[in-house]
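# Pasting the sequence and the predicted model now:
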Amino acid sequence: MNRLSACVLIPVYNHPRGVTLVVQQIRQLGLPILLIDDGSDSDCASVLDGLAKQDCHLLRLPFNQGKGAAVRAGLAEAEKLGFSHALQIDADGQHAIEDLPAFLAQLPNNPEALVVGYPQYDESVSLTRFYGRYATHIWVWINTLSLDIRDSMCGARLYPLANVNQLLRQAPCGNRMDFDTEVLVRWHWTGGRVVNLPVHVHYPTDGVSHFRLWRDNSLISAMHARLFFGMLWRLPTLLRRRLQHAFS
């Protein structure tokens, strides 16, 4: 396998129809596809078994552990399979496939960067979802003392596997919806480079959301508090980095 080689990583939990359509579309990128079954029900599991018999690699978790745990398992598996990068997308088909080649185009010149999508919404986004993200944006900007991360909640991103997996061995991050934000903040703290790219987002009218209002909001609130205190003791380093950046 080439030194720089990417696969597509798709965490899946009960999206039988969505993941089938996503796999059909993502094949046009010509990349190996790694599916992570996060303890799906039997109907979705059988769909994933069928895709695995075609041209997908399937890693099945024994029970539902959350998106963060599924992504973390997938990143470790992708590195074990010999890939240098993993292009993560969601299983419900919300990310525009035609925007993803721009992520892969970063590989030759920015192989160490973590490439993160920021959403370009259409009319399918609700105002609650659109404006609700800004509380997290503000906390991320506070906890990194920067605007380097434009959106920390988008599930379209290109991970450099060796460095990210090393980070996750030291700081596992949350297991559920808190993972996406926490891993980016901790990546930024290590001095890792972030590249922000636009990705068009459409929420299917028949889509299934696994966001649980009280559980996930509580986890996200605890994550922001944890990161804030982590930022405080890193404050001298972060301030020095900002000054170096300003005068460089």
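Cool, the structure landed.
# Find the least confident helix or strand in the protein, judged by mean pLDDT.
Scoring the helices and strands of the chain by mean pLDDT, DSSP states H and E places helix 127-144 at the bottom, with a mean of 79.
# Could you report the neighbour count for Gln166?
Neighbours of Gln166 under the rule other C-beta atoms under 10 Å: 11. No exception for glycine: its C-beta is placed from N, CA and C like everyone else's.
# That one: which element?
Using DSSP states H and E, the element containing Gln166 is helix 161-170.
# so how far is that helix off the chain centroid?
Mean-position distance between helix 161-170 and its chain equals 14 Å (C-alpha atoms, centre = their mean, to the nearest Å).
# Now it: buried residues?
For helix 161-170, the neighbour count (16 or more other C-beta atoms under 10 Å) marks 161, 163-165, 167-168 as buried.
# Quick one: name whatever helix or strand follows that helix.
helix 179-189.
# before we move on, the earlier item: pLDDT on the helix holding Gln166, on average?
The pLDDT scores in helix 161-170 average 97.
# by how many degrees do it and helix 179-189 diverge?
Counting by axes from the mean of the first three to the mean of the last three C-alpha atoms, to 10 degrees, helix 161-170 points 100 degrees away from the direction of helix 179-189.
# Against which helices or strands is helix 161-170 packed?
When contacts are defined as 3 or more C-beta pairs under 8 Å, 6 or more residues apart in numbering; DSSP states H and E, helix 161-170 sits against helix 67-80, helix 179-189.
# if we go to 10 Å?
Identification of packing neighbours for helix 161-170 by 3 or more C-beta pairs under 10 Å, 6 or more residues apart in numbering; DSSP states H and E yields strand 6-12, helix 67-80, strand 85-88, strand 114-121, strand 157-160, helix 179-189.
# Test my guess that Ile149 contacts Leu114.
Yes: counting by C-beta atoms under 10 Å, Ile149 does reach Leu114; the two are 9.5 Å apart.
# Quick check: neighbours shared by the two?
184, 187-188, 194 (C-beta atoms under 10 Å, 6 or more residues apart in numbering).
# Make a markdown table out of those and add neighbour count, distance to Phe228 and pLDDT.
What follows is the shared contacts of Ile149 and Leu114, written out as a markdown table (neighbours: other C-beta atoms under 10 Å; distance: C-beta to C-beta, whole Å; pLDDT from 0 to 100):
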| residue | neighbour count | distance to Phe228 | pLDDT |
| --- | --- | --- | --- |
| Leu184 | 24 | 15 | 96 |
| Trp187 | 25 | 17 | 97 |
| His188 | 22 | 14 | 96 |
| Val194 | 18 | 19 | 97 |
